[in-house]
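# Sharing a model that was predicted from the sequence below.
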Protein chains: 2
Amino acid sequence: MDDKKECLTGNCPTPIEADVGSIRLSEGSGGREMQELISQIRSKLGAESDWKNTQDDAASIDFAGKKLVFTSDSYVVTPIFFPGGNIGKIAFCGTVNDLAVMGARPLGLSLSFVLEEGFSKKDFFSIVETIGELSKKHGVPIVTGDTKVVEHGSVDKIIINTSGVGSAEIILDEPLEVGDQIIVSGGIGEHGTALLARRFELETLIETDSKPLWDEINSVRGLIRQAKDVTRGGLAAILNEIAEKNGKQFLINEEKIPIEHEVRALTEVLGIELYNLACEGRFVCIASHKNSDEVVQKLKQFNKHACVVGEVLDGKNVIVQTRFGKKVLNMPHGNIVPRIC
Amino acid sequence: MDDKKECLTGNCPTPIEADVGSIRLSEGSGGREMQELISQIRSKLGAESDWKNTQDDAASIDFAGKKLVFTSDSYVVTPIFFPGGNIGKIAFCGTVNDLAVMGARPLGLSLSFVLEEGFSKKDFFSIVETIGELSKKHGVPIVTGDTKVVEHGSVDKIIINTSGVGSAEIILDEPLEVGDQIIVSGGIGEHGTALLARRFELETLIETDSKPLWDEINSVRGLIRQAKDVTRGGLAAILNEIAEKNGKQFLINEEKIPIEHEVRALTEVLGIELYNLACEGRFVCIASHKNSDEVVQKLKQFNKHACVVGEVLDGKNVIVQTRFGKKVLNMPHGNIVPRIC
C-alpha cells in the first residue's frame, strides 16, 4: 500500500536497477523518460515527408493551399469518472486542445473505443453521452471511429483514442524575444488534484479543469506568439519544452503561479510536486510585453486566474524565483502521476 | 479449455441469457451485434455537420475545394506476432486500406500506443520497425502520435491506434446496376487462418494477407464503382453491408470464391465458417459487366486469385449458389473470431 501511494503521489524514484529491456511506467508519464522513448520510436520511423510540426502536439501539411492540422491521442485515465468529468470529456477536450494550440480550428474528431468484455453499458453510454454533448456544444462533430471489445482482463474497462483534423487559422510559431511575457490561462493543477483526490477517496470541491480551449486561443488571435496546453508532466514539462525548443531561458515567478487554495492544500497533504500536476484545460502562451496586458484581460473572461507568470530571457533552462531564491525547474522524470489522461 | 476453443473457432453461440447490461465480446466482432452497438453510439453523438460518408470506413469533407478523407482504427490483435506479420503491420495496412477503399491516396498516419508496463522492448521496437519499413516502402509517413503506459495487467501487452488522412482521387460511390460483377481481389481468409493456426500452435505455410491496398485500387481507377476491404466479419459481413447499403441482391457463386487449399483445410479442421474469416489485404469491388474482365486482369498482377465471384441482381440479401443449391448468407453474429485485427 505504501508503495502504491508513493507511486500515485509522484514520489517514485526511478528504480535503481531499471529494467532497460521492458517498458516502464515512467516512459508514459510526460517527462524525460517519455521523451527518450519517443525519440527512439521516431528514429525507427522517420520517413521523409512534406509534413511539418511532426514533433509538436499536431502535425500540419499544405492541402489544396490551406494548412491541414492532424493529431491523435489515446486516453487511459483512471478512475474513468472523477469530479467534474469522465474519460470521455478528457478524450474530447485533449484532442481539440492539441489542434487549438497549433492555431487550428477543429473540423472533426474520430472516436475509437477498446472496451473490456463485461464493462458496464450504463457507464459506457454515460461516457458516450458526455462526448456527444461536448461535440454539439462546441460544434466539433465526431465523424468516424472504431469499436473493439477484448476479453475480460485484457484491458482496464475502457481506452479511448480520439484523433482530430483542423484547419490552421492562427499563426502560433513566431520566434520568442527577450522580454516576452509568459502567461498561464488559469489555475494550475485542478485536473490532477481532482483525479488524485478521487483515487485516495479524499473529499474535495476541486473539479477537473478539462475543457476545449479553441475559443480561448481564438480570443487572443494575433496577440500571442506561441501556445501549448498543460497536460502530462504539468508546468515543469511544458515550460521546459517551450524553452528548449526556442533556445531561451524562462524566468518564472513562483508567487504568481495561479493555484486554488484547495489544490495547494491537497498537493501538500499528498506530497505532490505542483509543477508536475496535469491540467486538461489550461495553456501557457507567450506574448510580447506590449500585448501581454491585453492577452491577460481577454483570457480572464474565461478564467479569472489568467495572469503573467514570468518572462523570456537569453540563455537556457527554466528558472523559478521563489521567496527563498532561484532554482532550476527541471524536466520531470520518474513516474510522476500515472494514467492522468 | 473447451469453452475457450469453441470461442476461438467462432462457434460460440450468443449466451442464452445475454447480459444486456454489460459489453459482450460479440459486440466487437464485426457482425450484427457490433452494428447494433455502433448504431446506439451514433444515436448519442449525432451532431449535424458537413462531413459525408460518416457511416463508411472513412469520413470525408470538402477542404479548400478538395476532398479530405479521415479514418481511425484501434488494433487489439492477438497473438501480436503471427505468420507473415505482427500487430504493427495490421495497424499500418488497416488504416491505409480504409482510406484506399474510399478512393483516397493516404497522406499521413498517426500512431498511438498503449503499452503494458513490463512489455518487452525488443518486441515493441520490432513492431515499430515493421511500421517504419512499411511507411518508407509505401510512401505513407507517420506524422503524429502518442505513447501511454499503463500498469502491468491493465492492458494485454500493446494496443495500437492508427488514424489517417488522405486526399480523395478516385470516385468510388457510383450506384450499382443489375448485372454488375462482384470481384474479389485475391484468396480469402489467409489472415484469419494464419492467426488461428498460431493460436492453436498448428503448423502452416499460410501467412497473413495483410498489405496496403492503395496501389491495387489505384490500378483499377475509373473501372470500378465501389470497393470495400474484407476485415472483421469476413466476406459475409462485407457483402451484406454493400448489398444492404445499395438496396441490391448479390448472387455469389461459392465455387468461384478463391481459397488456398491449406486455408480450406485448416478451416475444416477448426470448424470455422469460411465466410466469416477476416482478411487484411483483400477487397471486394463491383464493376460493370463491360469493365469486369479488365479489372480482374489488372488485379491479377497483384494476386493471381483475383476473380469474379458473383453478380448484382434486383432484390435484397446475399445469396450463395452452392453445389447443392442456393442459401442466404446472413450477416454474421456471435463472437465469430475475437481479436483478429
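Sure thing, it's come through. These numbers were taken from a predicted model, which means no experiment stands behind them.
# Which stretches in the stretch 1-150 of chain A count as strands?
A:59-63, A:66-75, A:81-82, A:85-86, A:104-116, A:142-150 (DSSP state E, counting those that start in this stretch).
# between the last one and strand A:104-116, how many degrees?
Going back to what we said before, that points to strand A:142-150. Interaxial angle of strand A:142-150 relative to strand A:104-116 (axes from the mean of the first three to the mean of the last three Cα atoms, to 10 degrees): 20 degrees.
# right, and the helix or strand after strand A:142-150?
Per DSSP states H and E, strand A:142-150 leads on to strand A:158-168 as the next helix or strand towards the C-terminus.
# Give me the distance from that following strand to the chain's centre.
14 Å (Cα atoms, centre = their mean, to the nearest Å).
# Setting the sequence-adjacent residues aside, check what's closest to residue A:36.
residue A:27 (7.7 Å; Cβ to Cβ, 6 or more residues apart in numbering or on different chains). Backbone N, C-alpha and C define where each C-beta goes, glycine included.
# Serialize the strands of the stretch 1-150 of chain A to JSON lines and add fields for mean pLDDT and mean neighbour count.
Listed next are the strands of the stretch 1-150 of chain A as JSON lines, based on pLDDT from 0 to 100; neighbours: other Cβ atoms under 10 Å in any protein chain shown:
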{"stretch": "strand A:59-63", "mean pLDDT": "97", "mean neighbour count": "21"}
{"stretch": "strand A:66-75", "mean pLDDT": "98", "mean neighbour count": "26"}
{"stretch": "strand A:81-82", "mean pLDDT": "96", "mean neighbour count": "20"}
{"stretch": "strand A:85-86", "mean pLDDT": "97", "mean neighbour count": "24"}
{"stretch": "strand A:104-116", "mean pLDDT": "98", "mean neighbour count": "25"}
{"stretch": "strand A:142-150", "mean pLDDT": "97", "mean neighbour count": "25"}
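# Which of the ones you listed sits closest to residue B:174?
Among the strands of the stretch 1-150 of chain A, strand A:142-150 comes nearest to residue B:174, with 21.7 Å by Cβ to Cβ.
# Strand B:59-63 and that closest one, what's the angle between them?
150 degrees.
# neighbouring strands for strand A:142-150, and are they parallel or not?
Applying DSSP bridges to the sheet, strand A:142-150 is found paired with strand A:104-116 (parallel).
# so the residue nearest to residue A:36 makes contact with residue A:35?
No: using Cβ atoms under 8 Å, residue A:27 makes no contact with residue A:35, being 9.4 Å away.
# The two: which is more packed in?
Per other Cβ atoms under 10 Å in any protein chain shown, whichever of residue A:27 and residue A:35 has more neighbours is residue A:27, with 23 against 18.
# quick one: pLDDT of that one?
Looking at residue A:27, its pLDDT reads 95.
# give me the number of residues near the residue lying closest to residue A:66 once chain neighbours are set aside?
Leaving aside its sequence neighbours, residue A:66 sits nearest to residue B:64 (Cβ to Cβ, 6+ apart; 4.1 Å). Using other Cβ under 10 Å, residue B:64 has 13 other residues around it.
# Kindly report the same for residue A:290.
11.
# Just to check, residue A:180 is in contact with residue A:225?
Yes: Residue A:180 lies in contact with residue A:225 (Cβ under 8 Å); the separation is 6.7 Å.
# So which of these two has more stuff around it?
residue A:180 (27 against 19).
# dump the residue contacts of that one.
Listed by Cβ atoms under 8 Å, 6 or more residues apart in numbering or on different chains, the contact set of residue A:180 reads A:225, A:286-289, A:311-312.
# How about it, nearest residue that isn't a chain neighbour?
In space, and not counting its chain neighbours, residue A:180 is closest to residue A:312: 4.1 Å by Cβ to Cβ, 6+ apart.
# residue contacts, whichever residue of the stretch 201-341 of chain A sits closest to chain B?
Nearest residue of the stretch 201-341 of chain A to chain B, counting by Cβ to the nearest Cβ: residue A:339, 6.1 Å away. By Cβ under 8 Å, 6+ apart, the contact list for residue A:339 reads A:76-78, B:148, B:150-151.
# That one is in what secondary structure piece?
Counting by DSSP H and E, residue A:339 is part of no helix or strand.
# Give me the nearest residue to it, chain neighbours excluded.
Nearest non-adjacent residue to residue A:339, counting by Cβ to Cβ, 6+ apart: residue A:78, 4.6 Å away.
# wait, the one you found sits on residue A:155?
No: if you go by Cβ under 8 Å, residue A:78 and residue A:155 don't touch, sitting 11.7 Å apart.
# more crowded one of these two?
Each of residue A:78 and residue A:155 has its neighbours counted (other Cβ under 10 Å); residue A:155 has more, 25 against 19.
# For that one, which residues count as its bridge partners?
So, taking DSSP bridges as the rule, residue A:155 has residue B:155 as bridge partners.
# mind checking pLDDT for it?
At residue A:155, the model reports a pLDDT of 98.
# Kindly report the same for residue A:238.
So residue A:238 comes in at 97 (pLDDT).
# does chain B sit close to the helix or strand it falls within?
In this assignment (DSSP H and E), residue A:238 forms part of helix A:234-246. No: shown here: helix A:234-246 not in contact with chain B (Cβ under 8 Å from any Cβ of the partner chain), separated by at least 13.9 Å.
# ok, and for that helix, which residues are buried?
By neighbour count with 16 or more other Cβ atoms under 10 Å in any protein chain shown, helix A:234-246 contains the buried residues A:234-243, A:246.
# Then stretch A:254-268?
By 16+ other Cβ under 10 Å, the buried positions in stretch A:254-268 come out as A:254, A:257-260, A:263, A:266-267.
# Could you do stretch A:186-205 as well?
A:186-199, A:204.
# Could you work out the most separated pair of these?
Counting by Cβ to Cβ, the most remote pair of the buried residues of stretch A:186-205 is A:186 and A:199, 23.0 Å apart.
# contacts for stretch A:44-63?
Outside stretch A:44-63, the residues within contact range by Cβ under 8 Å, 6+ apart are A:42, A:67-71, A:97-99, A:101-102, A:104, A:164, A:166, A:168, A:173, A:228-229, B:63-64, B:66, B:68, B:107-108, B:111, B:125, B:128-129, B:131-132, B:135-136, B:139, B:141-144, B:167.
# How about stretch A:259-275?
A:9-11, A:187-190, A:192-193, A:196-197, A:200, A:202, A:204-206, A:234-236, A:257, A:277, A:305, A:329, A:332, A:337.
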